[in-house]
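Asks: Give me a 3D structure for the following:
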Amino acid sequence: MRLATEATILVVEDDPDVAELLGEILGEHFRVEIARSATEAADTLARNSYDLLLLDMLLPGGGADAVMVLADTASMTTVLMSGDLEGRSRAAQAGRPFVAKPFSVDDLLSVLDTALAGRNLPDASNG
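Replies: So this is what the prediction gives:
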């Protein structure tokens, strides 16, 4: 696995415990910012650019689709995640990488690493 540690990731997750866990795990490998709602994510995306968006598909009040559109407009890679049984098929229909919740750290990092692989980011292990 080649982790692009220079990559910046916006995690959109409404569950505070999951958001904190993702921040801790991903913070060891990437620069991470957390948004806890679609509105917060939209505001954050308007101010900053990221290499990847890790997006909970089931945000309270909806809004995940609107956040995906903003990410697409910014040419940002989007990885979807959900604990919903139909999440994987919906992600496949949308042509997006998917992380099932609950997730293993290895699986999470592998999906993100693969999603970032085509973005030509600096490899910290080279330098």
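
Asks: When you work out contacts or count neighbours from here on, use the C-alpha atoms and nothing else.
Replies: Noted.

Asks: now what about the least confident helix or strand in the chain by mean pLDDT, what contacts it?
Replies: Every helix and strand of the chain was ranked by mean pLDDT, DSSP states H and E. The lowest is helix 87-93, at a mean of 88. For helix 87-93, contacts defined as CA atoms under 8 Å, 6 or more residues apart in numbering pick out 57, 80-82, 97-100.

Asks: and those residues as TSV, adding distance to Gly63, pLDDT and neighbour count?
Replies: TSV is the format used below for the contacts of helix 87-93 (distance: CA to CA, whole Å; pLDDT from 0 to 100; neighbours: other CA atoms under 10 Å):
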residue	distance to Gly63	pLDDT	neighbour count
Met57	9	94	23
Leu80	13	96	25
Met81	14	96	25
Ser82	14	94	21
Pro97	19	94	18
Phe98	18	95	25
Val99	19	95	25
Ala100	19	94	17
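
Asks: Just those residues: which are in strands?
Replies: 80-82, 98-100 (DSSP state E).

Asks: Please enumerate the helices of this structure.
Replies: With DSSP state H as the criterion, the chain has helices at 16-27, 38-47, 64-73, 87-93, 105-116.

Asks: got CSV for these, with distance to Glu6 and mean neighbour count too?
Replies: Compiled in CSV, the helices of the chain are given as follows (distance: least, CA to CA, whole Å; neighbours: other CA atoms under 10 Å):
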stretch, distance to Glu6, mean neighbour count
helix 16-27, 11, 15
helix 38-47, 18, 17
helix 64-73, 19, 17
helix 87-93, 26, 15
helix 105-116, 11, 16
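
Asks: By mean pLDDT, show me the worst of the ones you listed.
Replies: With a mean of 88, helix 87-93 has the lowest mean pLDDT of those.

Asks: Using CSV, list the CA coordinates for that one.
Replies: Presented in CSV, the C-alpha positions along helix 87-93 are these (Å, rounded to 0.1, in the frame of the first residue of the first chain):
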residue,chain,number,x,y,z
GLY,A,87,-25.0,1.5,0.2
ARG,A,88,-22.6,-0.6,-1.8
SER,A,89,-25.0,-1.0,-4.8
ARG,A,90,-25.9,2.7,-4.7
ALA,A,91,-22.2,3.6,-4.7
ALA,A,92,-21.6,1.3,-7.6
GLN,A,93,-24.4,2.8,-9.5
